[in-house]
Structure formats: structure tokens, C-alpha cells
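> Output the structure for:
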Amino acid sequence: MDYIGEKKIKEHSLDSGRVKVVFEDDSETTFPQKMFDASVSQEPLNEALLQERRILMVQAELMNSLLSWEMRLTDIQRMLQWSSNFLNDKHELADEKLWGNKISERTIGDLERVLRGNARPSSS
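This next block holds a predicted model:
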């Protein structure tokens, strides 16, 4: 039997380039094909092992890409920093869009509203 993490897979199917997975507890999720392939195991895996398995597969692909480009060693660190900055900026923008305000504007009341499912930012 196949698992993703500690959850046993009941069935899976490919739909529009994504793999839809139904677990034995009837919960569902979808993955890109590569993430599905990196996640499936014959035995249950705890979160740390699942994370490691996924990261190692992404890292291998990233390293192959860097090799195919024959990037200069001095450029790799800069590219990694730019990538980190890009992801942080996108995360901040998405976070602001979800919350409806910037982190510097959020109040403890905003936290409570989000936790209660009524995500409206304060008007202060």
C-alpha cells in the first residue's frame, strides 16, 4: 500500500496535470505530478522524513539546472539571495492580500477576527 506521510492512499488519479489523491480517511488533496512522485512511499513517513524526501528531490533538480547552465560559483550565492528576496516579497504581498492590511497595521483584534473566521482588518 502507498502512503504520503503517515496517510494511506485509497486512490489517486491524474487530472489536468495534477494528481488528485484520496486518502483512507476520505480527505483529499492535489499535487503536481513531481510533488506526488516525491511524496509517495511504500511505508508511512513522519513529517520530517517526508519533508527531507521532497527537498532532496527538488535539490537534485535544482543542482542539475545549475550544472546545465554552468553558472559561475560567484553568481550562485547572488542568485540564491535574489531568489530568497523574491519569495519573501511574494509572501509578504500574498499575506497583505489575505489579511487586507500590512503587518505594521495589524492589531490583536485582527488576529482574533481571523481565528474566528471573520477576517476583516481593523480600521485603525
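
> And the helix or strand where Arg113 lies, how far out from the chain middle?
In this structure, Arg113 sits in helix 108-116 according to DSSP states H and E. With Cα atoms, centre = their mean, to the nearest Å as the basis, helix 108-116 stands 24 Å off its chain's centre.

> Looking at it now, give me its mean pLDDT.
Helix 108-116 shows a mean pLDDT of 85.

> What of stretch 85-102?
The average pLDDT within stretch 85-102 is 91.

> what comes up buried for that stretch?
Under the neighbour-count criterion of 16 or more other Cβ atoms under 10 Å, stretch 85-102 has 99, 101 buried. Quick note: C-beta positions are derived from backbone N, CA and C, even for glycine.

> Stretch 37-44 now?
Going by neighbour count (16+ other Cβ under 10 Å), the buried part of stretch 37-44 is 38-40.

> Might you calculate how far it sits from the centre of the chain?
Distance, centroid of stretch 37-44 to centroid of chain: 17 Å (Cα atoms, centre = their mean).

> State the distance from Phe23 to Glu6.
Noted for Phe23: a distance of 10 Å to Glu6, by Cβ to Cβ, to the nearest Å.

> between the two, which one's more packed in?
Per other Cβ atoms under 10 Å, whichever of Phe23 and Glu6 has more neighbours is Phe23, with 18 against 13.

> Brilliant, that's me finished.
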